[in-house]
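Engineer: Predicted model, plus sequence, below.
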Amino acid sequence: MNIKLKLCAVNIVFLCFSAFCAAQSNDSIIKKSVTVERDFVPEIQSAGKIETTPSVVQPQKTVIDAVYSDFSSPLSLGGNIHPLSAATLLYAHRAGDRPGFARLAVGFYPNSIADFSYPLIDRSDMRLDAVIKQRGVYNEQYYMTTTAQLAFDKYFDNLTLFGGLNFGYQGLKYYGENYNENAEELYFSRLIINDPTVTYYAANFPYNSVLIKDLDEASKFAHFFRAGANLGVRSAENAENWRYLARLKYGLFRNTAGVTEHFVNTSGQLSFIFNENRIGVDAELYNAFYNSKMEINFPQKYGVLVLSPYFEFNQLEKFDIRFGVLSAIQFAGEKGLKFAPDVRLEWKPIPKTLKIYAGFTGKYKVNSMDELFYENPYLASDVRVRDTYTPMEFYGGLLIKPTAGLLFDVFADYSITNNDYFFVNKSYCYKQGNVALQPQDSMIFSNRFDVVYDHSNLLILGGRVSYTLKDKFNFDFSGKYFTGPLKIQEFPWQRPQYEFTLNTSYRVVKDVNLSLTGYYQTGLKARLGSFAAPMKNRLDLNFSASYTYSEWLTVFLAGNNLLNQKYDIYFGYKVQGINAMIGAVVSF
C-alpha cells in the first residue's frame, strides 16, 4: 500500500473514531450558548500577517458585545491592511420575509463588487444556502476574485449534520516594479533589446535558469483555481455535558505554473463535564500532496497530527482557568515532534466591569499554499511556506468596562517563534549572455515574492478603546507597537513597527448611516539583497454613506483612499489612488 492510501486510511479511521465518540453523547440538554462556526470560503484575508491582497474588500466595523467571552486574548497580532481601501458598505439585511440579498457596486477606477446569497432550503430542521461573491479591479492593477459556495445543515435534537462545496477563481496582473542591486527601478525592455538571451538563475535555486525575456512579467497574468468540500457532525448548540465535532475537509489549489495542492484536514473535538469541570481534547490531522509541471524544492507529501488535550476548572465563581498542552507530530515530509503549553487564566474581580487575563500558550500553524496565495498572491509559483511553530507565548491584559457600551483593553504579548516567515522580492543573479551588463544589473529583484525565515522574539504592546451607543454610534480605535530581536534577518521585512486602526459609524437618522474607517502603519522596510529599502508609511482613510429606501432596497456611496496615498501593498506594488464606488443592496 503506498503512502497516499495509508494516509487516506488514517483519515477515515480518525473521522470514524470521532463520530463514534460523538454518538456516545446522548446526555441531558440544558440551555446554554455555545459558539459554533460554519465553514466558509475565505475572502482575501490574512493568516496572522498584514492583510495586503490588492482586491476590493469590505472593512468590518467592530461592535463590542456586552458579555465577555469565556477566554480573552490580546488583539490580533497581525495587521489590518485593506490595500485597495474599499470603504465599509453599511447596510442592515433584514431576514425573515426576505431571506436573500444581492449587492452590486461599481467604481470609477474601475472596481466592482457583486454578492448574492439565498437559502435554497429554509426549514426549521434543514437549511441549504447558496453564496456567490465577486471582487474586481480592471486597470493596470488588474485583480479579480470569485467564490461560490453551497452550505448545508440538518438539525436533529442532539446533533447537527453539515457539509458544503466551494469553488474559487483568482486572477491578477503582475504590475509591480522590478529593481536592480542599487534599489533602482529596472526595466527589462532595456536588457532585452541589448540581448534577449541574457540568462539569470534564481539565487536560492541555482539550477533554475531563466532568460531575461521570460523574467519580464510586467504584462503577464496569473490564474489560481480552488475547489473544496467538507462533511461533518457536531453536537447541538445548546449541549451542556458532551460537546463534540467530527469533520473532514478537502481543498484543491492550482496555480498558473501547474503546481497543484491537494489538502485534507480531518478534525475532531470532544469534551465533557467531570465534577463540574470540563475535560476535552481537540485533534487536527493534516495531509497534503503536491504535483507540478515545474521543478519544486519542497516535499511532495506532507502530514502532521496536532493534539490538544485540556482541563477547564470552573468551580471558582470569578475565575476561569484552563490547563492544556499542544503536541504536533510530523510524519510525512519534514518529521519531528513539537510541544507547546496551553495555560490560560481569567479573573473577574468586578464581573462585567473588570477582567484581568493572562496566558502561557503556544501555536502550531500549518501553512497551505491555498492560504498563502490569498495572503500574498504575488508569491513565486514554487513557494510553499514551512509550518510556523511558536513554542512559547506569554500574554497579559486588562479589560475595563466602566459603563454600558464603553470598553478599554490594554495588553502585552511576548512570543518566541520558529520558522517565522517574511516576504522578500525574489532575486536572480546574472549567469551568461552576449552583452556586458552594468554592475548594478547583475542582480535582479523581481515583482514576485519569496520567503525567508527566522527565529523571532516578538514583543507587542497594545491597547484599544471602543464605544457603542445603542444602534446610533459606534467607535473603535486600536494601536499596537511591535519590537523584538531577530536571529538572522536585519528587520522583520514588510511588517510595521507601529499600527493604528479606526472604525466608526454614525446613524444620522433612521435610514441614513455614515462610516469612517482608517489605518496607519509605520516603520516598514523591504529587503533587496544586503540593502534595507524603507517603505512609505501606510496611511488610508475611507468614507461611506448608505440610505435605506425601503425594507428591500439600500443604496450606498463609498470614497476610498481619500488622501490619495501611494504606499506599497508589498514592495513594488502601489495601492490604488483615490476612488469611489456606488451601489445598491436588494433584499428578496
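Structural biologist: Ah, there it is.

Engineer: Just confirm residue 488 is within a strand.
Structural biologist: No - looking at residue 488 with DSSP: H, G, I helix; E, B strand; the rest coil, it is coil, so not inside a strand.

Engineer: What's the per-residue pLDDT of it here?
Structural biologist: For residue 488, the pLDDT comes out at 94.

Engineer: Ok, residue 177 next?
Structural biologist: 88.

Engineer: can I assume it is in contact with residue 447?
Structural biologist: Yes - Residue 177 lies in contact with residue 447 (Cβ atoms under 8 Å); the separation is 6.3 Å. Backbone N, C-alpha and C define where each C-beta goes, glycine included.

Engineer: out of those two, which sits in the more crowded spot?
Structural biologist: Comparing residue 177 with residue 447 by other Cβ atoms under 10 Å, the one with more neighbours is residue 447, at 22 against 18.

Engineer: which non-adjacent residue is nearest residue 117?
Structural biologist: The shortest distance from residue 117 to any non-neighbouring residue, by Cβ to Cβ, 6 or more residues apart in numbering, is to residue 131 (4.8 Å).

Engineer: Just the buried residues of the helix or strand where that neighbour lies, please?
Structural biologist: Assigned by DSSP states H and E, residue 131 falls within strand 126-137. Across strand 126-137, burial judged by 16 or more other Cβ atoms under 10 Å covers 127-129, 131, 133-137.

Engineer: So what's the gap between it and the chain middle?
Structural biologist: With Cα atoms, centre = their mean, to the nearest Å as the basis, strand 126-137 stands 18 Å off its chain's centre.

Engineer: Stretch 261-279 too?
Structural biologist: 23 Å.

Engineer: about what we covered before: which secondary structure elements does the following helix or strand past the strand holding residue 131 contact?
Structural biologist: Remark: after strand 126-137, the chain's next helix or strand is strand 143-155, criterion DSSP H and E. Of the remaining helices and strands, those touching strand 143-155 by 3 or more Cβ pairs under 8 Å, 6 or more residues apart in numbering; DSSP states H and E are strand 126-137, strand 159-173.

Engineer: Run the chain-centre distance for strand 143-155.
Structural biologist: 17 Å.

Engineer: For it, give the mean pLDDT please.
Structural biologist: 96.

Engineer: quick one: the strands in the stretch 451-588 of the chain?
Structural biologist: With DSSP state E, counting those that start in this stretch, the ranges of strands along the stretch 451-588 of the chain come out as 473-483, 498-509, 512-522, 525-528, 531-534, 538-550, 553-560, 579-587.

Engineer: hang on, the earlier thing: what touches both of residue 177 and residue 447?
Structural biologist: By Cβ atoms under 8 Å, 6 or more residues apart in numbering, residue 177 and residue 447 have these common neighbours: 572-573.

Engineer: coming back round to it: let's see the strand holding residue 131 as PDB, backbone CA atoms only.
Structural biologist: Provided in PDB are the C-alpha atoms of strand 126-137 (Å, rounded to 0.1, in the frame of the first residue of the first chain):
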ATOM      1  CA  MET A 126     -32.800  22.000   7.500                       C
ATOM      2  CA  ARG A 127     -31.000  24.700   5.600                       C
ATOM      3  CA  LEU A 128     -29.100  25.000   2.300                       C
ATOM      4  CA  ASP A 129     -27.500  28.300   1.500                       C
ATOM      5  CA  ALA A 130     -26.000  29.400  -1.800                       C
ATOM      6  CA  VAL A 131     -23.500  32.300  -1.700                       C
ATOM      7  CA  ILE A 132     -21.600  33.900  -4.600                       C
ATOM      8  CA  LYS A 133     -19.000  36.700  -4.100                       C
ATOM      9  CA  GLN A 134     -17.000  38.700  -6.700                       C
ATOM     10  CA  ARG A 135     -14.400  41.500  -6.300                       C
ATOM     11  CA  GLY A 136     -12.700  43.100  -9.300                       C
ATOM     12  CA  VAL A 137     -10.200  45.800 -10.300                       C
END
